[in-house]
Every structure is written in C-alpha cells, then in structure tokens.
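1. Build me a model from this:
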Amino acid sequence: MSPLDAGLLAIVGLILLKEAGVPVPVPGDLIVIGAGVAASRGDLDTPSTLALIVGASIVGGVVQYGLIRSVGRPVLLRLLGRLTSAERLDRQTERLRRGGARSVAVARSTPGVRIVAIAASALAAIPPVAFVAGLAVGNALFIAAHFGLGYVLGEPLLAVVGGALGPLAIAGIVLAGLGAIAWFVITRRRA
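-> Next up, the predicted model:
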C-alpha cells in the first residue's frame, strides 16, 4: 500500500468515524478541504476520493442514526428532558419529521446545524428511507462544496496560512500566559 493509498484510507476512516458520532478532535470540514488540496496537487484521484468520502459519510451517518434511533433514544430523551420542555422538543422534532428528506438534506448541508441533524432525525423518528435520501443529498452537497474549496483555493490559502502560523503561535502563547497570570491574580485576590 502506497503512502497516498494509506492517506486516503485514513481520510475515509476519519470521516466514517466522525459521522458515526465518534468524537474525533479534527474538524471534518478541514479533512475534506485537505483532501481537495491533495487532489488539486494530483496526489489523490478527484472523482474516486470525492465518492469515497461521501460514501463514508453516508455509512457513518446511518450507523449513528441507527444507534440513536434504537438504544440511544431513551437516554438522549432523558438528557434533553433536563434541558428543555417536552413540548418544545416535540415541536422541534415534529417540524423536522414533517419536512422529511428535504429537512434532513437542508440540515446536513448547513454548517453548525449539520452536527445535530442526525441525532435530531433519529429523535424525530424520520423513516429510514427518507433519512438516508436526505443524508445522501445533504452530505454530498456539503462535502462537494468543501472539497471544491480545497481544490480551488487550497494552495493559495496554505501559502497565506503557512506564513502566518509563526506569529499566530507566538500570539497564542502570549495570550495564554497573560490569561494564566490574570487567573492567578484574581484567585489570590478572592482568597
């Protein structure tokens, strides 16, 4: 197995895990953008890479949906019951259920909302066929947009970001140091 094949396997595996609900500390958006950059360099085959990433996102999403819809639903409902009223939760899930596949597709292609869309779909008891159809469309749109962003703008962005990393790292260290000093001073004054 070549290093490029191993890299593609790692990308697909990470996306599958993230979509299945495993908390991987690397944002999926950045993984997909990075794959787009690699494809623009010729390191990865564009059509097969895109198809594999979308496929992995759908499989992972179906796994998460199945787990939440079956064994995780009672636990999640109990936790949400502590945070919000049953009536409000019912209103939100009913709205999602009425929209069906279209609502799932919109939610999965919307940054920020997409994170909770699978769990919300499972809680709303959206039928599996409608869920998978919406998941496939929404994930394909979101992933294609981010892959395309990496493909078209990746190299210029890497050059800009690469030049700014040193100063940003120093600024981050200085801010962390100042925050630690402020925390120490505040803690001492309260004591």
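
2. Moving C-terminal from the one helix or strand in the chain whose mean pLDDT sits lowest, which element do we reach first?
-> Least confident element among the helices and strands of the chain, by mean pLDDT, DSSP states H and E: helix 73-83 (a mean of 76). Downstream of helix 73-83, the next assigned helix or strand under DSSP states H and E is helix 86-108.

3. Could I get the buried residue list for that next one?
-> 89, 93, 96-97, 99-101, 103-108 (16 or more other CB atoms under 10 Å). C-betas here are computed from N, CA, C, even on glycine.

4. tell me which of those residues is nearest to residue 26?
-> Taking CB to CB as the measure, residue 26 sits nearest to residue 108 out of the buried residues of helix 86-108, at 19.2 Å.

5. now that closest one: how far from residue 191?
-> Separation of residue 108 from residue 191 (CB to CB, to the nearest Å): 49 Å.

6. now the least confident helix or strand of the chain against helix 86-108, angle please.
-> 110 degrees (axes from the mean of the first three to the mean of the last three CA atoms, to 10 degrees).

7. elements contacting the helix ranked longest in the chain?
-> Ranked by number of residues, the top helix in the chain under DSSP state H is helix 128-190. Helix 128-190 is packed against helix 28-40, helix 46-67, helix 86-108, helix 114-123, with contacts defined by 3 or more CB pairs under 8 Å, 6 or more residues apart in numbering; DSSP states H and E.

8. closest one to residue 178 among those?
-> Of all the helices and strands packed on helix 128-190, helix 28-40 comes closest under CB to CB, at 27.7 Å.

9. quick check: angle from that closest one to helix 114-123?
-> If you take the same axes, to 10 degrees, helix 28-40 sits at 120 degrees to helix 114-123.

10. got the contact list for the residue nearest in space to the middle of the chain?
-> Using CA atoms, centre = their mean, the residue of the chain that lies closest to the mean C-alpha position is residue 28, 4.7 Å off. By CB atoms under 8 Å, 6 or more residues apart in numbering, the contact set of residue 28 is 14-15, 18-19.
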